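# Provided below are the primary sequence and the corresponding predicted coordinates.
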6 protein chains.
Amino acid sequence: MQSSNSRPSQRANNQLRNVEIIRHYTKHAEGSVLVKFGDTHVLCTASVEEKVPGFLKGKGQGWVTAEYGMLPRSTGSRMDREAAKGKQSGRTQEIQRLIGRSLRAIIDLEKLGERSIHMDCDVIQADGGTRTASITGAYVALHDAISTLLKNGKLTTSPLKQGVAAISVGVYKGTPVLDLDYIEDSDCDTDMNVVMTADGGFVEIQGTAEGEPFSRDAMNAMLDLAAHGIKQLVIKQNEVLSV
Amino acid sequence: MQSSNSRPSQRANNQLRNVEIIRHYTKHAEGSVLVKFGDTHVLCTASVEEKVPGFLKGKGQGWVTAEYGMLPRSTGSRMDREAAKGKQSGRTQEIQRLIGRSLRAIIDLEKLGERSIHMDCDVIQADGGTRTASITGAYVALHDAISTLLKNGKLTTSPLKQGVAAISVGVYKGTPVLDLDYIEDSDCDTDMNVVMTADGGFVEIQGTAEGEPFSRDAMNAMLDLAAHGIKQLVIKQNEVLSV
Amino acid sequence: MQSSNSRPSQRANNQLRNVEIIRHYTKHAEGSVLVKFGDTHVLCTASVEEKVPGFLKGKGQGWVTAEYGMLPRSTGSRMDREAAKGKQSGRTQEIQRLIGRSLRAIIDLEKLGERSIHMDCDVIQADGGTRTASITGAYVALHDAISTLLKNGKLTTSPLKQGVAAISVGVYKGTPVLDLDYIEDSDCDTDMNVVMTADGGFVEIQGTAEGEPFSRDAMNAMLDLAAHGIKQLVIKQNEVLSV
Amino acid sequence: MQSSNSRPSQRANNQLRNVEIIRHYTKHAEGSVLVKFGDTHVLCTASVEEKVPGFLKGKGQGWVTAEYGMLPRSTGSRMDREAAKGKQSGRTQEIQRLIGRSLRAIIDLEKLGERSIHMDCDVIQADGGTRTASITGAYVALHDAISTLLKNGKLTTSPLKQGVAAISVGVYKGTPVLDLDYIEDSDCDTDMNVVMTADGGFVEIQGTAEGEPFSRDAMNAMLDLAAHGIKQLVIKQNEVLSV
Amino acid sequence: MQSSNSRPSQRANNQLRNVEIIRHYTKHAEGSVLVKFGDTHVLCTASVEEKVPGFLKGKGQGWVTAEYGMLPRSTGSRMDREAAKGKQSGRTQEIQRLIGRSLRAIIDLEKLGERSIHMDCDVIQADGGTRTASITGAYVALHDAISTLLKNGKLTTSPLKQGVAAISVGVYKGTPVLDLDYIEDSDCDTDMNVVMTADGGFVEIQGTAEGEPFSRDAMNAMLDLAAHGIKQLVIKQNEVLSV
Amino acid sequence: MQSSNSRPSQRANNQLRNVEIIRHYTKHAEGSVLVKFGDTHVLCTASVEEKVPGFLKGKGQGWVTAEYGMLPRSTGSRMDREAAKGKQSGRTQEIQRLIGRSLRAIIDLEKLGERSIHMDCDVIQADGGTRTASITGAYVALHDAISTLLKNGKLTTSPLKQGVAAISVGVYKGTPVLDLDYIEDSDCDTDMNVVMTADGGFVEIQGTAEGEPFSRDAMNAMLDLAAHGIKQLVIKQNEVLSV
């Protein structure tokens, strides 16, 4: 068993924060999920639109895309509102592109038919790991949107190939740890976001040395932690979806 | 007693929706309030910043300003994200200017000192009346932010002069009604937003004839309803603030 | 009779500034009106376009929309040019939306047919009340544009239901006054813009407490003044249109 | 004497349109001139600001800059409003840069002192030649602004070195003509704008072959016409300034 | 023979810099030319697109347009990247409009058919005269793009009417000189860009007095120099195109 | 030895394209490098500026930042120019953020002192791998800029900690391959960009499953290839820097 005393939260190194996934959080969206990774709370809504973007017209397939935003005071000090500044930051675009790719990895776009699903991930409260919480919650919202399409007869078979979830791992004060919160994230040597399918395949790996470069060994340790964490997230997703 | 059978919600003509005001909804902001007018849910966060905008530098006074946004799928059909479009709509700007003026009407900016309070009103779920819910919730968030400043010694006396709340009134199918929900709002003849202080003074009146022009009598009836509704909102605000 | 000595302009409290409405001011537009409320001069041009915006295509109705602008040095100190800044201010959008709604209130859009009328209100010189002068002049320009359509056979009956005009009222140094000029506007307690049809119905009321909240009595006094002023503006409009 | 029958306006080939220069057209600006070249009407306002742009701070000199705009319906068919589109066209920027350079050519920026003059040229009605009318009117507005500075003691000697004016010339249906109106401009082979000082030096020459390339002879003929026209404009400017 | 000792580069007053025109510089574009005027290096790529802009649809003609850019460190001190700033400067737009007009002057757009040629002129290294180098190189790239269309059978006859080239001339320390480099350009009295066809017709003349106004004599001297320089550029263009 | 017949280029699976690194490519920048990975050509210029961005003022450290752009016709079909569109794409921002982080990983910002180095990576010709070529070339340009600072006495010791280079790896038709060109990149299952220091530490790993999720084994194979490729790039960098 791993010692946990290096972590500000007293968590074990391989321990997730409390994860909560609340379905049907708002009433209008075809899928609406509030996901909590500890104090990180993200609202994921899936909106179905019966048309595809221009570049896909007439190609017999659908599209899934994502947008991400943070409420200005979801963070410790208030950030400028992107709508008021008139543009989305590079970070925002990076994250929403990542979410979109992660969801497209587990859906058969031809089976989806000529329609789009817009996933909106809006951070209500941030404490590290907003992009991994977003992907984990977005899968459930996507699943609910597909269920809606199946229920109302727009689809007869589900285009979902399997589940997807994401978690961050990193090296904090020399030790690989799972699911970094904001304090750890601000002070870690390495930060890696891992997106995996329910059956354990890699969808995305994004690792960054914040301070010192990291070794192959550290990476292997981080990937082990990530696999461990994602396995639990998948169980959680399936639990809430089975209700 | 007024007959209620003309309203889709079966409410009496002078009846508010269920109003709920939840303080300390998120953890970072100096004031954080989730306000619900029925199915309209708005998160109001008040952020204190120890500086003023350029045009007030060195004038010995503070500033209160507001921004407003709707999550893309807070509504029945998804709206484009303003941050992605690169600009705020005229409606958004109109509403955030209204919220800002309403709050500045009840605060003594000199007593506030050279600091700013940014009020962010973000609509999580919309069902009509988002701007009046915003103002009503924002007052409580502002009050909490001021309490924080008093508690930590940055202020010794409160710059708040009194409370403020807002409600919509309108003429729906020929009858003046209080607190229109989305169905009523989409189909009313006249729509009026009224902002009043706790002691019954008018701060803002914005009435628009959506269909036929309205008469002085209709306006008087609407103002009576508004005064009636705001009285109850003020009681609600004081209740939650007294806990 | 009311005493006038409280007003910097020596006008009686219920006295409009000199109003002048000059038709056919420029040669290209289907309607082109220079309206003067004292030193406030606004050029209103109505442009007919034989198509409707996307959201109205194929719906068998027309559209009337408005844009508003101030020349950079129409005011006491030069304002930045909005075209150079790359965006219209919240105030500009608020005003142009108000003008548009006011004109749509008195026109039958189905009778207009599938065409648009663009109203441009450009302030050449400002001295308070630019939005009310704009609406008052815009009605005459709209009337001229409709006459052009009738003359050239594009329309056989006028879609205009009646006239519309607007005036500001306020409480200046404790006294309700009509048609505030810039000096009064900068220093008033309450500022209210009222838009009414020629037959006395309300189209828009927008009242704002600049300093102290205002009472129901003050509002009633202001509305009386507004009705009085608009009656005279309607007479003026009809006079110039009868030539 | 030249035959005039080739010109739609029946003007002689070397004949200007009626030129009118009205000073003090609006009341706020330090210089305010409405200039008319026939049906082309431009309002030129000069605004003095007691500071210089960042790149000139502390360099002991002033700055003169210009902005240009067309009211949306100054033209035969309505143009989109640049403020609403969120950017100025290439043509707009080209013209305002030309006006600025032309004015800076005849002013001693060191003698002006550390202050700026903003020239706004706004086209009220267009019929060809808006940029040359702008420059010609702007000089008079600039002169008035300088006179204001001299009168109120901010300057003791005038920084103006001499006058400046501008005119268009072109080859229309094979014949060189002076001061093209819109009909000629739309259908000419060559279009040249010439800016000259009062004593006959060239400040700017911008010639464009719209159809066939033009010869050195044509250019010489056009420059003769331009010099002839500008001489008359300078007389006109001096006339109105001597009142 | 003219004395050259006034020029920092020791060139004779009527002497071009070394001119080099390298075809097929990059592999994707239908025409790709690196043009060097001394240390000024511009990459000109011509891209064929089988459609025309909206305003030309169905008119049976093609279009040629140009865009211009400078790499941020093509100059002595780094300039902000226009893509990051979110807008092109007035200078950039002026130059790309000039390049576009110059190319359209020598091509028969009806013969080109309903297709567009986009010319991109990107400055790799700048030392004065980037716009004249751009036009001179762009002609060769355009010629190559047309040859591609002829070769693959999309065109059967060339729409090119003749060649075009451009050069700058100016008055430097009192003497008219040809092809100014950056040092001369920064310190000259007059700067003139001249665009001419291969057979000596004028396409564009843009002359600006940077300091003192210039005389008709100076202009004549400059035009003589320009004609002399362009003759050599045309020879150079033909040489490289004949390979 | 690995079989190469699956690759369109006939390269061995672990074979880089021809790599060329040309220093001093343009004359103005403190570091200027043209880097070629086969047909991918990127110009990397390092510009020194003697100030730091606002958020670092007075903190006794420097900054290194990067911008990335593609010439519109660097690619097979022309892309819109980002400066003309008015914004940088998400992909562009993602890449320039990656380049910046990679360079900051190997420089001691405190030793750099209060100055900034702007790295501009502009793609002249693209054939896959533009971001890895950019980072590899940028290191050499950064090294040259530092040498300039050392030479002119602005620095006495180099703030560079070691070298950095980057390469792409992927799974193409089931086989892990090194340094994907455009054909491979468009059709691969997995695409991974790896940034490593000269001594073999990881700086960034970004792997994306384009089609099927990838396994841990595949990732290990790709990382082996990446380490192999980067070793050769580092040798190449040192070779050109030793001249």
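Received the coordinates, thanks. Numbers count the residues shown, from 1 in each chain, chains lettered A, B, ... in the order given.
# Tell me what A:T197 is bridged to.
A:V164 (DSSP bridges).
# go on, the one 5 residues further on?
Partner residues in beta bridges with A:F202: A:M196, F:F214, with DSSP bridges as the criterion.
# In contact with it, which residues?
A:F202 is in contact with A:V194, A:V195, A:M196, F:G207, F:A209, F:P213, F:F214, F:S215, F:R216, F:M219, counting by C-beta atoms under 8 Å, 6 or more residues apart in numbering or on different chains. To be clear about C-beta, it is placed using only N, CA and C from the backbone, and glycine gets the same treatment.
# Tell me the spacing between it and chain B.
Separation of A:F202 from chain B (C-beta to the nearest C-beta, to the nearest Å): 29 Å.
# right, and A:G201 touches F:A209 too?
Yes - with contact defined as C-beta atoms under 8 Å, A:G201 reaches F:A209; the gap is 7.1 Å.
# Could you check which helix or strand contains A:D217?
helix A:216-241 (DSSP states H and E).
# Please identify which helix or strand holds the residue nearest the centre of chain A.
By C-alpha atoms, centre = their mean, chain A has its centre lying nearest to A:I135, at 1.6 Å. Per DSSP H and E, A:I135 falls inside helix A:130-151.
# distance between the ends of stretch A:173-189?
One end of stretch A:173-189 sits 7 Å from the other (C-alpha to C-alpha, to the nearest Å).
# Give me the buried stretch members for it, please.
A:T175, A:P176, A:V177, A:L178, A:D179, A:L180, A:D181, A:Y182, A:E184, A:D185, A:C188, A:D189 (16 or more other C-beta atoms under 10 Å in any protein chain shown).
# pLDDT averaged over it, what's the number?
When pLDDT is averaged along stretch A:173-189, the result is 94.
# So it, near chain F or not?
No - Stretch A:173-189 is not in contact with chain F by C-beta under 8 Å from any C-beta of the partner chain; minimum separation 11.0 Å.
# Tell me the spacing between the spatially closest residue to A:I99 that is not a sequence neighbour and chain B.
In this structure, A:I99 finds its nearest non-sequential neighbour in A:A66, 3.8 Å apart by C-beta to C-beta, 6 or more residues apart in numbering or on different chains. Distance from A:A66 to chain B, counting by C-beta to the nearest C-beta: 11 Å.
# Quick check, pLDDT for A:A66.
Here, the pLDDT recorded for A:A66 equals 98.
# shouldn't it be in contact with A:D122?
No - using C-beta under 8 Å, A:A66 makes no contact with A:D122, being 11.1 Å away.
# Now for the residue located most distally from the centre of chain A: which residues touch it?
Most distant from the centre of chain A: A:G58, at 30.3 Å, with distances by C-alpha atoms, centre = their mean. Contacts for A:G58 (C-beta under 8 Å, 6+ apart) come out as none.
# Name the helix or strand for it, please.
Taking DSSP H and E as the definition, one finds A:G58 inside no helix or strand.
# which phi and psi does it have?
The phi and psi values for A:G58, taken as degrees, to the nearest 10, are phi 80, psi 10.
# What pLDDT does the model give it?
pLDDT for A:G58: 91.
# Check the gap between it and chain C for me.
Distance of A:G58 to chain C, given as C-beta to the nearest C-beta: 21 Å.
# And that residue, how far from A:K51?
Per C-beta to C-beta, to the nearest Å, A:G58 is found 11 Å from A:K51.
# Am I right that A:Q93 is in a helix?
Yes - A:Q93: assigned to a helix according to DSSP: H, G, I helix; E, B strand; the rest coil.
# Chain neighbours aside, what residue packs nearest to it?
Among residues not flanking A:Q93 along the chain, F:G90 sits closest, at 3.6 Å (C-beta to C-beta, 6+ apart).
# Strand partners (parallel or antiparallel) of the helix or strand that contains A:G69?
Per DSSP H and E: A:G69 is located in strand A:63-70. For strand A:63-70, the paired strands and their directions (DSSP bridges) are strand A:116-125 (parallel).
# Any idea how many residues pack against the closest residue to chain E within chain A?
Nearest residue of chain A to chain E, counting by C-beta to the nearest C-beta: A:K87, 7.6 Å away. Using other C-beta atoms under 10 Å in any protein chain shown, A:K87 is surrounded by 17 other residues.
# Quick check: chain neighbours aside, which residue is closest to it?
B:G86 (5.8 Å).
# looking at it, that neighbour is touching A:A84, isn't it?
No - the pair B:G86 / A:A84 is not scored as a contact, 10.7 Å apart, by C-beta under 8 Å.
# any residues in contact with both of these two?
Joint contacts of B:G86 and A:A84 (C-beta under 8 Å, 6+ apart) do not exist.
# Flag the shaky bits of chain A, pLDDT-wise.
Residues of chain A meeting the criterion pLDDT under 70: A:1-5.
# Tell me the residues on it that lie near chain E, please.
With C-beta under 8 Å from any C-beta as the criterion, chain A comes near chain E at residues A:K87.
# wait, what's in contact with the closest residue to chain C within chain A?
Closest to chain C within chain A is A:G86: 7.5 Å, counting by C-beta to the nearest C-beta. Contacts for A:G86 (C-beta under 8 Å, 6+ apart) come out as B:G86, B:K87, C:K87.
# Give me the distance between the second one and C:K87.
Note on B:K87: its distance to C:K87, by C-beta to C-beta, is 7 Å.
# now do A:Y182
Counting by C-beta to C-beta, the gap from A:Y182 to C:K87 is 34 Å.
# just to revisit the earlier point, list the buried residues for the helix holding A:I135?
For helix A:130-151, the neighbour count (16+ other C-beta under 10 Å) marks A:130-149 as buried.
# Name the SS class of A:R17, please.
Secondary structure, three-state DSSP: A:R17 is coil.
# Show me which residues of chain A sit near chain C.
Contact residues (C-beta under 8 Å from any C-beta) of chain A with chain C: A:G86.
# Quick check: the residue of chain A nearest chain D.
Of all residues in chain A, A:G86 sits closest to chain D, at 9.2 Å by C-beta to the nearest C-beta.
# Against D:K231, how distant is that residue?
Distance from A:G86 to D:K231, by C-beta to C-beta: 49 Å.
# looking at the contacts of A:F202, which has the most residues close by?
The most crowded member of these, judged by other C-beta under 10 Å, is A:V195 (31 neighbours).
# Give the burial count for the residue nearest to A:N238 when sequence neighbours are not counted, as a bare number.
Distances taken as C-beta to C-beta, 6+ apart put A:G163 closest to A:N238, at 7.3 Å, once the chain neighbours are dropped. By other C-beta under 10 Å, 21 other residues sit near A:G163.
# Please apply the same query to A:L225.
With other C-beta under 10 Å as criterion, A:L225 counts 24.
# need the contact list for it.
Counting by C-beta under 8 Å, 6+ apart, A:L225 makes contact with A:N13, A:N14, A:V169, A:P176, A:V177, A:L178.
# can you rerun that using 7 Å?
By C-beta atoms under 7 Å, 6 or more residues apart in numbering or on different chains, the contact set of A:L225 is A:N14, A:V169, A:P176, A:L178.
# Quick check, the second one in contact with A:E184.
No - counting by C-beta atoms under 7 Å, no contact exists between A:V169 and A:E184, whose distance comes to 10.6 Å.
# what residues are shared contacts of those two?
Common contact partners of A:V169 and A:E184 (C-beta under 7 Å, 6+ apart): A:V177.
# burial count for A:S77?
The number of residues packed near A:S77 is 8, by other C-beta under 10 Å.
# before we move on, what about A:S158?
Look at A:S158: counted by other C-beta under 10 Å, it has 15 neighbours.
# got the contact list for the closest residue to it other than its chain neighbours?
Nearest non-adjacent residue to A:S158, counting by C-beta to C-beta, 6+ apart: A:I146, 5.5 Å away. In this structure, A:I146 makes contact with A:L155, A:S158, A:P159, A:L160, judged by C-beta under 7 Å, 6+ apart.
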